[in-house]
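In: sequence plus the predicted model coming up.
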Amino acid sequence: MDLDFNKNEDINKQLVYDLNTRLRKVHQGGGEKAAAKQKEKGKMLARERIEYLLDKDKPWLEVGAFVADGMYAEHGGCPSGGVVCGIGYVSGRQCVVVANDATVKAGAWFPITAKKNLRAQEIAMENRLPIIYLVDSAGVYLPMQDEIFPDKEHFGRIFRNNAMMSSMGIIQIAAIMGSCVAGGAYLPIMSDEAMIVEGTGSVFLAGSYLVKSAIGEDVDNETLGGATTQCEISGVTDYKQPNDKAALDSIRNIMSMTGDYTKAGFDRIKSAEPKLKQQDIYGILPISREGAYDMHEIILRLTDNSEFEEYKAGFGQSIICGLGRVDGWAVGIVANQRKVLKSKKGEMQFGGVIYSDSADKATRFIMNCNQKKIPLVFLQDVTGFMVGSRAEHGGIIKDGAKMVNAVANSVVPKFTIVVGNSYGAGNYAMCGKAYDPRLIYAWPTAKIAVMGGASAAKTLVQIQAAGLKAKGEEVNQEKEAELLKETTERYNAQTTPYYAAARLWVDGIIDPMETRKVISMGIEAANHAPIERPFNVGVIQT
C-alpha cells in the first residue's frame, strides 16, 4: 500500500463515518420529545412500524433519507420530509413502504414531502411493486399550501397515481395508524384495502373544528371518523385493528397470500463476492475530485468474482463499457475513466471527459444491452464533454446527442451510481435523474453541478464584477478576491451529495460497500415489470 492509498482510505472512511453520523440524526425524526408524545398515545414510531413489518432476514433500501436536509429552517426543519420510504420485503414479497413520521410536524406534508411520496409511487409504478402506506398525517402544511396544492407534481398527483396503479394491477394496502385528514383521506381509501387502528386512527374530510366552523355541528373526531365509525357505519375502511402491531400483522398476512408476478426475465445465476477486496475502494478513490484513478479498479471490486468482459477496450477509452454480474444479475456497465490517457494517435485525453469516440462506443454498447435485455449500470465520474475547435470539428455535439438519445430511449432498467463528479451534459449522457434511472444513489465523494466549483465561481465573479462596475462601484483586486471566496463557498455548498439528496436529485447517499445491494435490489424490483415496448432511438445523426 502506498502513501496516497492510505491517505485516500483515511479521508474516504471519514466521509462514510460522517454519513452514518448524519443518518443516525435523521433517524431521530422530530426528536425525543415528539417521539415520547407518540408513545404516550400507544403508537409505534414510523421506523419502528417499518422494522416490525419487514422480513428480518432481508435487506432494506431506504429512499430519500436526507430529503429536506438543511431546508425549511424558518419552519423548524423537516427531517426526511416527514416521511420514511424505501424498498423492503414483506412475507417474502418485495414492496415499497411509505410511512408518515408523526414526530415531524404531526406528519404534515411540506412541498418536498409530496415530491418524496411521488418518488415512492414512481418506483412502485415503474417496477410494478406492491406499495404499502402506513398513514399518520395531519395533512398539508398550511403555511406552504401554495407550494404543494394545485400543480401537476403536487399533492393531488398522489391520488391520481393511486387510481393509475389500481388500473395497472399494482397492489396497494393502507393502514390508518393516526390522523388522516382532508384530501389526504383519499390516499388510503383509493388503495385496494384499508385498515384502521382503534383509538388512534381517524379518517375524515374535515376535522371537528372545521365541521363546527363550516356547518355548526358539534362532534368529536372519534365519532366523526374513528375506527368504529368508518368500519361499522360508513364502511369506508375494511379492517379494524386494536393496535399498531395487529395492523402490521394483518398486512403481513395479506401479503403472504398474494400470487406470483410475471417476470421480465433478466438473467441471474448464483451470486459470488468480488475476488478483489471491496474495501480497497476507499484507498483507490483520490481525495481530490480532480484526481486521477483507474475506474477498472472500482468495477472489479463491484462485480461477481471480479470478472468484467470489456467492450471495445482499445477504442474510446475515456468511457469503459462491458458486461459483468452483480449479485448474480447480468449487467452492462458504462463508466467514466478517470485516468489520463494517450490515444492511438498519440493525443492526450483528460480523465472524466467524454470524447467523440467514447460517446460513439457507449451508444453502440447501450443499444447492444437493449438488444440482449441486459440492465444497465452507470458509474458517474464525469466532468462533461470535450470542448474546443478539434472536438467541435470532429462532431462532439452530434456524437454526444447520439449517446443521450440511446440513454433516453433505453427500455432496459437503468441504475446510476454517482461516484465522483457529475457535471453538465455529462450528467445527462451518464443517466442522471432526468433520464429515468430506476434508482440513482451517490457516494459521499459525489459532486453534482453544471460545472466544477473553480470554473463556475470565476465565471460568476466576472458577472458580479461587471454588474457592480455598471453601477459605478469600484472593484479592485481585494474586492474581487472577496467575491471569489464568497461565491466559491456558496457554489461548493450546492454541489455536495447532501444538497442533491435533500432535493431528491439522488435517491440517497450510500457507503460504497452498499453499491452491490442497491444494484441487486433494483434489478430484482425491475424484474417485476416486463418490457412492453421495443427499443427505438428514432432519428439520430450519424
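Out: The structure has been received and is ready for your questions.
In: got the contact list for the top helix by length along the chain?
Out: Longest helix in the chain, counting residues (DSSP state H): helix 3-26. Helix 3-26 is contacted by residues 65-66, 69, 79-80, 281-287, 444-445, 498, 509, 511-512 when judged by Cβ atoms under 8 Å, 6 or more residues apart in numbering. (Glycine included, C-beta is placed from N, CA and C.)
In: so how far is it off the chain centroid?
Out: Centroid separation for helix 3-26 versus its chain: 21 Å, with Cα atoms, centre = their mean, to the nearest Å.
In: pull the residues that contact whichever helix or strand comes after that helix.
Out: Downstream of helix 3-26, the next assigned helix or strand under DSSP states H and E is helix 32-40. Residues from elsewhere that reach helix 32-40 (Cβ under 8 Å, 6+ apart): Gln28, Gly29, Met44, Leu45, Ala102, Thr103, Val104.
In: secondary structure element holding the third one?
Out: Pointing back at Met44 there. Per DSSP H and E: nothing holds Met44, as it lies in no helix or strand.
In: which residues touch it?
Out: Gln38, Tyr52, Met177, Asp244, Lys245.
In: and those residues as JSON lines, adding secondary structure, distance to Glu480 and pLDDT?
Out: Shown next, in JSON lines, are the contacts of Met44 (DSSP: H, G, I helix; E, B strand; the rest coil; distance: Cβ to Cβ, whole Å; pLDDT from 0 to 100):
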{"residue": "Gln38", "secondary structure": "helix", "distance to Glu480": "53", "pLDDT": "95"}
{"residue": "Tyr52", "secondary structure": "helix", "distance to Glu480": "59", "pLDDT": "98"}
{"residue": "Met177", "secondary structure": "strand", "distance to Glu480": "57", "pLDDT": "96"}
{"residue": "Asp244", "secondary structure": "helix", "distance to Glu480": "60", "pLDDT": "97"}
{"residue": "Lys245", "secondary structure": "helix", "distance to Glu480": "64", "pLDDT": "98"}
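In: quick check, nearest of those to Gly388?
Out: Among these, Tyr52 lies closest to Gly388 (Cβ to Cβ), at 58.6 Å.
In: count the residues that sit near Tyr355.
Out: Number of residues near Tyr355 (other Cβ atoms under 10 Å) recorded here: 25.
In: on that earlier part again, among the contacts of helix 32-40, the buried ones, what's the PyMOL command?
Out: Buried members of the contacts of helix 32-40, defined by 16 or more other Cβ atoms under 10 Å, are picked up in PyMOL with:
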select buried, resi 29+44+45+102+103+104
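In: okay, the contacts of helix 32-40 in TSV with pLDDT and distance to Leu187 next?
Out: Converted to TSV, the contacts of helix 32-40 look like this (pLDDT from 0 to 100; distance: Cβ to Cβ, whole Å):
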residue	pLDDT	distance to Leu187
Gln28	96	26
Gly29	96	20
Met44	97	20
Leu45	98	20
Ala102	95	15
Thr103	97	20
Val104	96	18
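In: could you look up the SS state of Gln121?
Out: helix (DSSP: H, G, I helix; E, B strand; the rest coil).
In: quick one: contacts for it?
Out: Val96, Ile131, Ile158, Asn161, Met165.
In: what residues are up against the fourth one?
Out: Residues in contact with Asn161, defined by Cβ under 8 Å, 6+ apart, are Leu118, Gln121, Met125.
In: just to revisit the earlier point, restricted to helices, list the contacts of Gln121.
Out: Counting by DSSP H, the contacts of Gln121 place Ile158, Asn161, Met165 in helices.
In: Ala401: which of those residues is nearest?
Out: Ala401 lies nearest to Asn161 out of the ones in helices among the contacts of Gln121, by Cβ to Cβ, at 32.2 Å.
In: the stretch 351-500 of the chain: strands as residue ranges?
Out: For the stretch 351-500 of the chain, applying DSSP state E, counting those that start in this stretch gives strands covering 353-354, 376-382, 384-385, 414-423, 439-442, 447-449.
In: ok, back up a step: can you lay out the contacts of Asn161 as a markdown table showing distance to Ser208 and pLDDT?
Out: As requested, the contacts of Asn161 are exported to a markdown table (distance: Cβ to Cβ, whole Å; pLDDT from 0 to 100):
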| residue | distance to Ser208 | pLDDT |
| --- | --- | --- |
| Leu118 | 30 | 97 |
| Gln121 | 30 | 98 |
| Met125 | 36 | 98 |
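In: the nearest residue to Lys263 once chain neighbours are set aside: what's it in contact with?
Out: Nearest non-adjacent residue to Lys263, counting by Cβ to Cβ, 6 or more residues apart in numbering: Asn527, 5.2 Å away. Counting by Cβ under 8 Å, 6+ apart, Asn527 makes contact with Lys263, Ala264, Gly265, Phe266.
In: likewise Ala108?
Out: Residues counted as contacts of Ala108 (Cβ under 8 Å, 6+ apart) are Gly82, Ser137, Ala138, Gly139, Val140, Tyr141.
In: give me the buried entries from those residues.
Out: Here, 16+ other Cβ under 10 Å leaves Gly82, Ser137, Ala138, Gly139, Val140, Tyr141 buried among these.
In: you'd agree the second one is up against Ala182?
Out: It stands for Ser137. No: contact status for Ser137 versus Ala182: not in contact, 9.9 Å apart, counting by Cβ atoms under 8 Å.
In: low-scoring stretches of the stretch 351-500 of the chain, by residue?
Out: Scanning the stretch 351-500 of the chain for pLDDT under 70 picks out the ranges 453-457, 475.
In: for Gly395, see how far away the closest residue to Gln278 other than its chain neighbours is.
Out: Distances taken as Cβ to Cβ, 6+ apart place Arg301 nearest to Gln278, at 4.9 Å, with adjacent residues excluded. To Gly395, Arg301 is 35 Å away according to Cβ to Cβ, to the nearest Å.
In: where does the prediction get shaky in the stretch 151-300 of the chain?
Out: Where the stretch 151-300 of the chain drops to pLDDT under 70, the residues are 183.
In: from Glu524, how far out is Glu514?
Out: On the measure of Cβ to Cβ, Glu514 and Glu524 end up 15 Å apart.
In: which of the two has more neighbours?
Out: Neighbour totals were compared for Glu514 and Glu524, and Glu524 leads with 19 against 16 (other Cβ under 10 Å).
In: the more buried one against Arg93, yeah?
Out: No: using Cβ under 8 Å, Glu524 is not in contact with Arg93; the gap is 11.1 Å.
In: wait, what's in contact with the residue nearest to Gln278?
Out: Neighbouring residues of Arg301 by Cβ under 8 Å, 6+ apart: Pro274, Leu276, Lys277, Gln278, Asp280, Ile281, Ile284.
In: any chance of the residues you listed in CSV, plus secondary structure and neighbour count?
Out: Listed next are the contacts of Arg301 as CSV, based on DSSP: H, G, I helix; E, B strand; the rest coil; neighbours: other Cβ atoms under 10 Å:
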residue, secondary structure, neighbour count
Pro274, coil, 19
Leu276, coil, 16
Lys277, coil, 11
Gln278, helix, 17
Asp280, helix, 18
Ile281, helix, 23
Ile284, helix, 19
